[in-house]
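Chemist: dropping a prediction and its sequence here:
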Amino acid sequence: MSNRQRTNPMIPPSVVDAEAAIANLTAKRDVLVERGNQLATSRASVAYKALNDDDAVAKQKLDQIGRETSQHSHELASVDAALTTARQKLEAAQRHEAKQADREQALAIRQEWTEAAADFADLDRSLGLAADAARRLYERYGTMQQHGYRPPPRLG
């Protein structure tokens, strides 16, 4: 989802979107850095002729390079600022996605505990039935002994 498609500005972009923005801005910055290198090379090749030889054409070219360098510096500073913001957005997106994962994990654990509670209740009822049945058997055995029942001797 692009940033333009997000409806709630309070929710950070996804990690994938933030990483894509950083990649895009980094590519733009790389192009600008290369252009800056080209401008420096052009300036070096023209400056001597313009400033030492007072060559009018070279001066005009040097002025053009100066204007473009100024524009270039502004663009590079803007991209650097955008990259700083993009990195902050990536960190926010990572924190948001981690919180979401923690929340989903907590909900899954809560659901398991709810089902475990039902299992404990079933176990409690079953153990209660078993305990009652064992008590009744013990009572019957006692009653049979009162009526003269003698258990056979134990073997082994």
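Modeler: Nice, I can see it.

Chemist: which strands and helices lie in contact with the helix or strand hosting residue 92?
Modeler: Assignment of secondary structure by DSSP states H and E places residue 92 within helix 56-146. Using 3 or more C-beta pairs under 8 Å, 6 or more residues apart in numbering; DSSP states H and E as the contact criterion, the neighbours of helix 56-146 among helices and strands are helix 15-52. The way it works is simple: take the backbone N, C-alpha and C, and place the C-beta from them, glycine included.

Chemist: pLDDT at residue 156, what is it?
Modeler: Looking at residue 156, its pLDDT is 62.

Chemist: I meant residue 57, not that one.
Modeler: Note on residue 57: pLDDT of 95.

Chemist: how about the one 5 residues further on?
Modeler: Per-residue confidence at residue 62 stands at 93 (pLDDT).

Chemist: and the residue nearest to it when sequence neighbours are not counted, how far from residue 58?
Modeler: What sits nearest to residue 62 in space, not counting adjacent residues and going by C-beta to C-beta, 6 or more residues apart in numbering, is residue 50, at 4.3 Å. Counting by C-beta to C-beta, to the nearest Å, the gap between residue 50 and residue 58 amounts to 4 Å.

Chemist: returning to that earlier point: tell me how many other residues surround the residue nearest to residue 62.
Modeler: Here the count is done by other C-beta atoms under 10 Å, and residue 50 has 19 residues near it.

Chemist: list the buried residues of stretch 31-41.
Modeler: Using 16 or more other C-beta atoms under 10 Å as the burial criterion, the residues of stretch 31-41 that qualify are 32, 36, 39.

Chemist: tell me which of those residues is nearest to residue 89?
Modeler: residue 32 (20.7 Å; C-beta to C-beta).

Chemist: show me where the protein dips below the pLDDT cut-off.
Modeler: Filtered on pLDDT under 70, the chain yields the residue ranges 1-9, 156.

Chemist: kindly recompute the last result at 80.
Modeler: 1-11, 154-156 (pLDDT under 80).

Chemist: closest one of the buried residues of stretch 31-41 to residue 136?
Modeler: In terms of C-beta to C-beta, no member of the buried residues of stretch 31-41 lies closer to residue 136 than residue 32, at 88.9 Å.
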